Each structure stands twice: as C-alpha cells, then as structure tokens.
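1. please work out how this folds:
(2 chains)
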Amino acid sequence: MEEFIVWVVWILAALSLLTSGIAVVLFQNPFYSALALIGNLASLAVLYLLLAAEFVAAAQVLVYAGAVVVMFLFVIAYLGGRADAPWAGKPSLQSLAAVVAAAAIAVEIVVVVALKAGDQLSTPARIEDGFGSPAEIGHLFLGDHLLAFEVTSIVLLVAAVGGVILGSAVPKEKRS
Amino acid sequence: MDSGLNQPWWIDLIKALIVINLVMAAFAYCTWLERKLLGRMQLRYGPNRAGPFGLLQPIADLVKLLRKESFFPANAIDLLYIAAPAVACFTALAAFSVIPFGGVWHVGDYVITGWIANVSIGLLLIFALGAIGIYAFLVGGWASESKYSLLGSMRTAAQLVSYEVSLALSVLGVVIMGKSLSLVDIVAEQQATIWFAAPQFVGLLVFFVAGIAETNRPPFDLPEAEQELVAGYHTEYSGMRFGLYSTAEYINMITLSGLAVTLFFGGWGGPWLPGPLWFLLKLGAFIFVFIWLRATLPRLRYDQLMRFGWKVLLPVATLNALVTAILVALL
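-> Residues are numbered from 1 along each chain as shown, chains lettered A, B, ... in the order given. Reported below is the predicted structural model:
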C-alpha cells in the first residue's frame, strides 16, 4: 500500500514537473511563466521529499519558490501591463542552440546516472536514519564539503556587495 | 519519526480536524476580541448587540459576508483572482500542523501526541509556507487589474520579503540553543533548561517586531494603508473572498503568536494546568499585545519601514545570531 502511494505521488509530481517546466517556456505572458516556475520548483520539492531529503525540499521551497521567484514576479508586475504584445519573432539560431544544449545536458545526465548506478537502478537504496536531516547536512557542509561551502558563500557575498554598489550608484545628473 | 508508538493514521486525522476547527474558532473570536478591546481602549463599548457581550458578533459577521455579493472586476483574471485568497488561507492554516500544543497522552492502548506532525524541519516548513503565502497577496492584487490593488500587493511583497529575512535570522539563536529545527525538540529543550525568552531576549524583540510586519499588523500595516491605497491588495475583493484574506491575516497572527510561544516561552510547558491550556493562555497574551499595539501606535511612513527593516532590524538579528553562536561554542 505504501509503495503504491509513493508511486502515485511520484508520477503526479513528475508529470507536474514536466508540464510546468514546458509551461514556463511556452507562456507568452511572463507573469504566467513565473507562476509556472513556482509550480515547477514546488514539484521538484515533492520529488526531494520522496528521496527522503526533507531539508533540501524545505530549502528549495523557501529559497527558490519563495524568495527568488517573488523577486521575478515583483519586477514583472512592476514593469508590466499584461497587454504587452507577445514576442512575434521566428525561432532564431539562439533558440535552436538552446534546445540542442538542453537536450545535450539531458543526455549527459541520463548517461552519467546510468554509468554510476550500473546495474543497481532497480535495487532500492539503503538509507541510514539521519539521512537528509538538517544535522546530517550540517555535518557535511562543515566537514567533507567545507571548501565548496565557503567558496559558495564568498560568491554570494560578492553578489550581495555588487548589488549594493550597483544600487547605490546614482548618476551625476540625477543628484540634486 | 514516532514509529514504535501505537498511533494509527486516523488519530492524526482527528487531531488535524480538531486543530483546524479550533484555529478557525480562535480566528472568529480574535475579531471579536480585537473590536472589543479596541473599543475599551478608545472609551467605547465595542460590539454589544449580538448576544451577551456581543459574543455572537463573529457569527453575524460570517453570515453577512456569505450573503454579500461577491463582485468581480470585469478585467480580472478569473482563475488567479479566485485561487489567491484560498491559497492565502491554506498556507496560514497549514503552518499550525507543526506547532506542538501539548505533551504525550496515553488513552487506552493508544498514544496521542500533542502535535500533528513532528518533522525535523518544522521551523523551515513554517517559513516555507509563509514564503508561498506571499504569492497569494501578490497574485491576488495583480489579477484584480486595479491600480490600488497592484500598488498594495507590491508594497506587501516588498515588506514581507524584507522582514522575512530578519524574522528568519532572529530565530537562528533559538535553533542554535535548541540544537534542532523541530519545534517539539525546541520545546523539550526549554523544559529541560530555561525559557529561551531570557537568553534570547534580543532575538525575541526582533522576532516580535518582524512578526508584526510579516502579519501586516499596525503599526506596519502599510500594505492596506486606507488613506493611500483604499484597502491595498484586497481592494477589489468582497464577500467571502475578502473574508478568506481576512481569515488568513488573523490566522497568520495566531500562528505567529503560537510560534513565539513555542520558540521563546516554553511552548505548552507550565506548572499545575494542563499543557494545551498553558499554550492557549500564552497565545492569548500575545494576541492581546498585538491588539494593544494597534490601539497605541500610529502607522509608520513607508521609507521609515524599509529603513528600519534593513538598517536596524537586520543587523541586530545578525549580531544576535553571531553572538549566540560564539557563546554556545565557548560555554
């Protein structure tokens, strides 16, 4: 029974992940695209939950579906009328390249997962008790992956400082 | 999490049903309490016609809201316009699932816990739900196709995003001291040691101020400043759709009070009285302060609000987390 429920949830989440992902690029109104992106990130969080990664799921919703997309929506709503004419250009070389690149990444992921997993894809994973818990992830951040963690934090710090500098620079003619 | 205890799934279902209805009832009587207290503080009676002491007023209000015409702006985007208030209400209610309101009881062969879910990420879950709740205000205002609504929802989003940072940072000290993100564990830790309100006094202050801003309560009710914005993001809502927004706001206030009680005042812990009663008493005290502040303080200006959030509250919250971390590491 439990396995059946997991399957149902997985299929629903995967379907909603794919449809919302396609919707993000297909919607002509950027506001709807951003809303679809929320759906996409939320379904991804459900998949994380199924993988016993509670912390990652919550962080995913909190940071990406919450803070990041709010900024998108905020800017879109500020800029725009919904009456904006949809983009009417033909598919360019750029969009073609984007599709090819995305497909290449998809193939790469499948190949890497298949190679790594070998013939164990059908055997259920053994998960220890603390797996995916905040405590376990904290140990990993401040132990095995300390360098990556600190480098990431420096990148974020640089971005924040850059944002402050860009925001505080007032053009001379506007000063009064 | 609770494996090994004899807890069939239907017990959780019953508990969830009871808690949801209790929270809804608490919301209804919050509106009554607010009007009554504001009345007393302003030397008037407040509602006193429907029932003794006006106690039936919330029910009368509900009937009125249900029977009112739910008008609909001609250019509104139907699906988003209708869904937004429901999402607001859902996220507000769902947060209560991880707040513990009592200990563990044994009834016959069954073990009944005083919480609906004890997850290792309880605190993060509440913040994640709050983050989703912002969309309800933003999308509702945008979908109404009205300038006042749009401006109101822009203000709401800017304010909530700004103060969410301080709110999350202010509880970091509690998490460090409680050594867990699970609210059940944090309450247990406080009962074993001391209420975190004492060592985390600065955190409590920041949490409370940021919390008032997060719930759009006066003096931070800029998103619905009626002199400037009519009613902010819910200008174009009426009837029960407005009612849902209003419900969400009050329940957010109740949840926030519950969270403050859980994080800083030992949750349901207390002598003599049973746990849930202590929880209710402490909750009531917090809600009283919320209402008291509304009667006392005038609304801030918008630039003051933003400056205060980023330049005062955020540094204080960061410093508090930093100092707590250093002290906990040293001691």
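2. who in chain A is up against chain B?
-> Contacts of chain A with chain B, taken as CB under 8 Å from any CB of the partner chain, map to A:31, A:35, A:38, A:42, A:54-55, A:57-59, A:61-62, A:65-67, A:70-71, A:73-74, A:77-78, A:82, A:133-135. For the C-beta atoms, the positions are set from N, CA and C on the backbone; glycine is no exception.
3. may I see the PyMOL selection of the buried members of these?
-> Applying 16 or more other CB atoms under 10 Å in any protein chain shown to those, the buried members can be selected in PyMOL as follows:
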select buried, chain A and resi 31+35+38+42+54+55+57+58+59+61+62+65+66+70+73+74+77+133+134
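4. so B:Ala321 sits against B:Gly173, correct?
-> Yes - with contact defined as CB atoms under 8 Å, B:Ala321 reaches B:Gly173; the gap is 5.5 Å.
5. so which of the residues of chain A next to chain B are in helices?
-> A:31, A:35, A:38, A:42, A:54-55, A:57-59, A:70-71, A:73-74, A:77-78, A:134-135 (DSSP state H).
6. what residue in chain A comes nearest to chain B?
-> Nearest residue of chain A to chain B: A:Gly66, at 2.6 Å (CB to the nearest CB).
7. ignoring the adjacent residues along the chain, who's closest to that residue?
-> Leaving aside its sequence neighbours, A:Gly66 sits nearest to B:Ala131 (CB to CB, 6 or more residues apart in numbering or on different chains; 2.6 Å).
8. contacts only, for that neighbour.
-> A:Val61, A:Leu62, A:Ala65, A:Gly66, A:Ala67, A:Val70, B:Glu164 (CB atoms under 8 Å, 6 or more residues apart in numbering or on different chains).
9. pLDDT score for residue 138?
-> Chain wasn't specified; assuming chain A. pLDDT, A:Gly138: 85.
10. hmm, I had chain B in mind actually
-> Confidence for B:Leu138, expressed as pLDDT, is 86.
11. from chain A, how far off is it?
-> Separation of B:Leu138 from chain A (CB to the nearest CB, to the nearest Å): 6 Å.
12. mind checking the SS state of that residue?
-> Classification of B:Leu138 using DSSP: H, G, I helix; E, B strand; the rest coil returns helix.
13. follow-up on the earlier one: who are the contact partners of the residue of chain A closest to chain B?
-> Applying CB under 8 Å, 6+ apart, the residues contacting A:Gly66 are B:Phe127, B:Ala128, B:Gly130, B:Ala131, B:Ile132, B:Ile134.
14. okay, now the last one: neighbour count?
-> Residues contacting B:Ile134 under the criterion other CB atoms under 10 Å in any protein chain shown number 25.
15. what's the pLDDT at the closest residue to it other than its chain neighbours?
-> Spatial nearest neighbour of B:Ile134, excluding adjacent residues (CB to CB, 6+ apart): B:Leu160 at 4.9 Å. With respect to pLDDT, B:Leu160 has a value of 85.
16. let me know the helix or strand that the nearest residue to B:Trp105 once chain neighbours are set aside is in.
-> The shortest distance from B:Trp105 to any non-neighbouring residue, by CB to CB, 6+ apart, is to B:Ile112 (4.7 Å). Assessed by DSSP states H and E, B:Ile112 sits inside strand B:110-113.
17. which parts of that strand are buried?
-> B:Ile112, B:Thr113.
18. and for stretch B:263-272?
-> Buried-residue list, stretch B:263-272, by 16+ other CB under 10 Å: B:Leu263, B:Phe264, B:Phe265, B:Gly266, B:Gly267, B:Trp268, B:Gly269, B:Gly270.
19. ok, the spatially most central residue of chain A - contacts?
-> The residue lying closest to the centre of chain A (CA atoms, centre = their mean) is A:Leu41, at 5.7 Å. Neighbour list for A:Leu41: A:Gln60, A:Val61, A:Tyr64, A:Ala65, A:Val69 [criterion: CB under 8 Å, 6+ apart].
20. how close does the third one sit to A:Leu49?
-> Spelled out, it's A:Tyr64. 15 Å (CB to CB, to the nearest Å).
21. what about chain A, any weak spots by pLDDT?
-> A:80-89, A:171-176 (pLDDT under 70).
22. could I get the full set of helices for it?
-> Under DSSP H, chain A gives helices at A:2-26, A:30-50, A:54-59, A:69-79, A:93-117, A:134-142, A:146-168.
23. check which helix or strand B:Ile176 maps to.
-> B:Ile176 belongs to helix B:172-178, assigned by DSSP H and E.
24. next, B:Gly269: phi, psi?
-> Here is the backbone geometry of B:Gly269 (degrees, to the nearest 10): phi -70, psi 150.
25. swap in B:Trp105?
-> Here B:Trp105 shows phi and psi, under degrees, to the nearest 10, equal to phi -110, psi 150.
26. and B:Ala50, by the same measure?
-> phi -80, psi 100.
27. give me the phi and psi for the nearest residue to it once chain neighbours are set aside.
-> Excluding the flanking residues, the one nearest B:Ala50 by CB to CB, 6+ apart is B:Leu56, at 4.0 Å. Taking degrees, to the nearest 10, you get phi -90, psi 0 for the backbone angles of B:Leu56.
28. could you measure B:Leu56 against chain A, distance?
-> From B:Leu56 to chain A the distance is 39 Å (CB to the nearest CB).
29. quick check, pLDDT for that residue.
-> 87.
30. have a look at chain B and report its longest helix.
-> helix B:9-41.
31. what about that helix and chain A, touching?
-> No - Helix B:9-41 lies out of reach of chain A by CB under 8 Å from any CB, never closer than 11.1 Å.
32. A:Tyr25 and A:Tyr32 touch, don't they?
-> For the record, residue A:25 is Val, not Tyr. No - A:Val25 is beyond contact range of A:Tyr32, at 11.3 Å (criterion: CB under 8 Å).
33. more neighbours: which of the two?
-> Taking other CB under 10 Å, A:Val25 and A:Tyr32 do not tie; A:Tyr32 has more neighbours (17 against 12).
34. which residues are in contact with the more buried one?
-> Contacts of A:Tyr32 (CB under 8 Å, 6+ apart): A:Ala23.
35. ok, it to A:Ala23 distance?
-> 8 Å.
36. re earlier: could you name the helices and strands sitting against the strand holding B:Ile112?
-> Packing contacts for strand B:110-113, counted by 3 or more CB pairs under 8 Å, 6 or more residues apart in numbering or on different chains; DSSP states H and E, involve helix B:9-41, strand B:104-107.
37. can you name the residue of chain B nearest chain A?
-> B:Ala131 (2.6 Å).
38. count of neighbours near B:Val19?
-> 17.
39. try A:Ser20
-> A:Ser20, neighbours per other CB under 10 Å, totals 19.
40. again with B:Phe137
-> 30.
41. what do you get for B:Val63?
-> 10.
42. again, but for B:Ala329
-> 8.
43. what comes up buried for the strand or helix carrying it?
-> Secondary structure from DSSP H and E places B:Ala329 in helix B:314-330. Within helix B:314-330, the residues scored as buried using 16+ other CB under 10 Å are B:Leu314, B:Val316, B:Ala317, B:Thr318, B:Asn320, B:Ala321, B:Thr324.
44. counting contacts, what elements does it pack onto?
-> helix B:147-170, helix B:172-178, helix B:201-214.
45. what's the burial count for the closest residue in space to A:Phe149 that isn't next to it in sequence?
-> Closest residue to A:Phe149 apart from its sequence neighbours, by CB to CB, 6+ apart: A:Phe141 at 4.7 Å. Around A:Phe141 there are 15 other residues, counting by other CB under 10 Å.
46. now B:Phe288
-> So B:Phe288, with other CB under 10 Å, has 14 neighbours.
47. which residues does the most centrally placed residue in chain B contact?
-> Centroid-nearest residue in chain B, with CA atoms, centre = their mean: B:Asn252, separated by 2.6 Å. Applying CB under 8 Å, 6+ apart, we find B:Asn252 in contact with B:Ala92, B:Gly130, B:Gly133, B:Glu214, B:Thr215.
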